[in-house]
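pasted the sequence and its predicted model underneath.
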Amino acid sequence: MPSRNHLDKIRKNKKWTEEAMERALVEVKSGRCTVRQAAKQFGVPKSSLGDRVSGRVTPGSRSGPAQLIASADEDRLVEFSLYMSKHGFPLTKQQVVSFASSIYKRRHRRVAFSKLGQTWWLNFRKRQEKNITNQQADFVVRGKTVCMRKEQVNQFFHLLNSVMDANELRDKPRQILNCCETGFQLGRKRVIYPKSSSLGYKPPPGSRDHISILACFSATGEDIPPFIIYSKAYPGVCYKTQGPPDALYGWSDSGRVNSELFKRWFLKHFLVYAPKERPLLLIFDGHKSPVNLEVLEAARKKNVVLLCLPPNCSHLLQPLELGLFPLLKQRFTTLTGDTCTAEACFAVSKKDFTGVFKETYQAAKEEEGVGIVKEGFRKCGLYPPDHSSINNALLMPSRSMSPADGASLSTAAQGVPTVDDLTVAGPSS
C-alpha cells in the first residue's frame, strides 16, 4: 500500500491545473494551435492534452485509477458520518471503511472480496478534507474510566435539548423512547453431596448460559415487546413458545446484542410496534449496539431520531437501569425460588427461561412497573429534560483541557466521546 507521504508527493508533482487544460483544449479544438503548441503555451502535458483531444479521456475527469465508490455513494457515506457524529455516534476509521466496503459489495455483487483498504481511505480523506477530519480523542473520554465527568453530562444534555427543540418533542413523552439491554446468567440447581466427596470439574465463572433482554419503553411507560437473545444456537421452537406476547427471539455467540441483531430488532420489530406518531426519539447506548447504514436509512425514512448516550453512564442516564431492571430481576428471583442476587446464577434452564420471564415481565405492565419507568426517565433527566436531576456527587470533577492532552473532540460531535473520532471539521451548525 502506498504511504500517505508517497501519495502527497505524487499530487505535488502535478504542476498544471484543470483550468489550464480546459483552455488548452479549447485552443486546439478551435484550430488556433496544435496539441504541441497548446501544451507548451499553457504548461500542460502533451500526452494528457492529446488524450482529451482524441476522446480517450473525458475532459474534467480525475487522473489515476477509477474511483471505487461512485461520487453519489461517497457523498451519502459522508452525510451518514456527519449525522452519526452529530447524534453521538462518531465513527472510527475502521467503521467508515467497513461501511464503504458494504456499499462497494452492494454495487458489485459478483466481486468475492472488497478492494477498499488504506489507499482508498487516504484518497477518501483527501477528497473530503473540507467536510470531515479524523481526530484523536482525549484519553479520559475513551470509556476507560468508571465515572463520568461533568463536562460529558453537560454536553449530552446540550445535545438532548437541541434535538428536542428541533423536533418539538418537549411535551410529547410518548414519542421519547429508551432501549437498554440487561442479562441473566443461568445457573445450576443446588444438590446435596457428602461433605468429603469430590465434585470433580467445576465450570469456570462466566461459562454458564447467558440470556439477554433488549427492552424498550417510552417516557409514558409503554413498551415495545422485548427482544430475547440466547447464547449460541437454540434448537427448534421450544424456546419461543411460552415467552411474552409478540416477543422477538435471536441468538449470538456472546448471548448479547450485536450490530446485526440490533438491525433486525430495529427494522423488523421496533418500527412495527413503535408509536405511530412522528417524529420519535430513540435514546440508547450505541457504543454497545453500533448502528449501520441500513438502520440509519430506515430511521431517517421513518422519521426516527437516534441519540447515543455517552459510555459508562448506565448508573446515571439509563432510565431502565435505575428502576425497572432491578424490579424484574427481583421478580425473577422470587419466581425461581433462588436466593442468588440479581446478576448471579438462577436455578432455571434455558428451555424454561421464557415461561418464567413471561411472568416476570408482567411487572412492567402493572401500575407499579409503569410508574417506575416514568420515574426512571425523570431521575435521569431525560423527560422532562432536566440536567439538575443528575446526582453530581456521582460525577468526577470537570477537567480542563490543555494542548498537552492531545487533540480534542470536534464541537460538531457535541462532546460525546469515542476513540479516533470521525467528526465534522469546524463548529457545528
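Arrived safely, thanks for sending. Numbers count the residues shown, from 1 in each chain.

show me where pLDDT drops low in the stretch 51-200 of the chain?
Counting by pLDDT under 70, the stretch 51-200 of the chain shows low-confidence ranges at 60-67, 88-89, 109-115, 136-149, 187-200.

and the strands in the stretch 201-350 of the chain?
Using DSSP state E, counting those that start in this stretch, the strands of the stretch 201-350 of the chain run over residues 210-218, 223-231, 248-252, 280-284, 304-308.

what about the first one, average pLDDT?
Averaged across strand 210-218, the pLDDT comes to 92.

can you give me the angle it makes with strand 248-252?
For strand 210-218 against strand 248-252, the angle by axes from the mean of the first three to the mean of the last three C-alpha atoms, to 10 degrees is 140 degrees.

which helices and strands sit right next to strand 210-218?
strand 176-185, strand 223-231, helix 350-365 (3 or more C-beta pairs under 8 Å, 6 or more residues apart in numbering; DSSP states H and E). C-beta here means a position set from N, CA and C on the backbone, and glycine is covered the same way.

reformat those as a markdown table; add distance to residue 292.
Formatted as a markdown table, those follow (distance: least, C-beta to C-beta, whole Å):
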| stretch | distance to residue 292 |
| --- | --- |
| strand 176-185 | 16 |
| strand 223-231 | 17 |
| helix 350-365 | 28 |
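
wait, which of the ones you listed is closest to residue 275?
Of all the helices and strands packed on strand 210-218, strand 176-185 sits nearest to residue 275, with 8.2 Å by C-beta to C-beta.

list the buried residues in the closest one.
For strand 176-185, the neighbour count (16 or more other C-beta atoms under 10 Å) marks 176-185 as buried.

which among these gets closest to residue 348?
Closest to residue 348, out of all of those and judged by C-beta to C-beta, is residue 184, at 8.6 Å.

beta partners of the closest one?
Beta-bridge pairing of residue 184 under DSSP bridges involves residue 211.

SS state for residue 133?
Taking DSSP: H, G, I helix; E, B strand; the rest coil as the rule, one finds residue 133 in the strand state.

burial count for it?
Using other C-beta atoms under 10 Å, residue 133 has 17 neighbouring residues.

equivalent analysis for residue 94, please.
Residues lying near residue 94 (other C-beta under 10 Å) number 10.

let me see the contact set for it.
Residue 94 makes no contacts at all, as judged by C-beta atoms under 8 Å, 6 or more residues apart in numbering.

got the angle between the helix or strand residue 379 falls within and strand 280-284?
Taking DSSP states H and E as the definition, residue 379 sits inside helix 367-380. Angle, helix 367-380 to strand 280-284, by the same axes, to 10 degrees: 80 degrees.

quick one: the helices in the stretch 301-429 of the chain?
For the stretch 301-429 of the chain, the helices defined by DSSP state H, counting those that start in this stretch occupy 314-317, 319, 325-336, 350-365, 367-380.

now tabulate these in CSV and tack on mean neighbour count, distance to residue 117 and mean pLDDT.
Listed next are these as CSV, based on neighbours: other C-beta atoms under 10 Å; distance: least, C-beta to C-beta, whole Å; pLDDT from 0 to 100:
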stretch, mean neighbour count, distance to residue 117, mean pLDDT
helix 314-317, 19, 36, 78
helix 319, 26, 42, 91
helix 325-336, 18, 42, 88
helix 350-365, 18, 42, 88
helix 367-380, 19, 42, 92
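
returning to what we had before: packing partners of the helix holding residue 379?
Short answer (3+ C-beta pairs under 8 Å, 6+ apart): helix 367-380 packs on helix 319, helix 325-336, helix 350-365.

turn the ones you listed into CSV, columns for distance to residue 307.
Shown next, in CSV, are the helices and strands packed on helix 367-380 (distance: least, C-beta to C-beta, whole Å):
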stretch, distance to residue 307
helix 319, 13
helix 325-336, 20
helix 350-365, 22
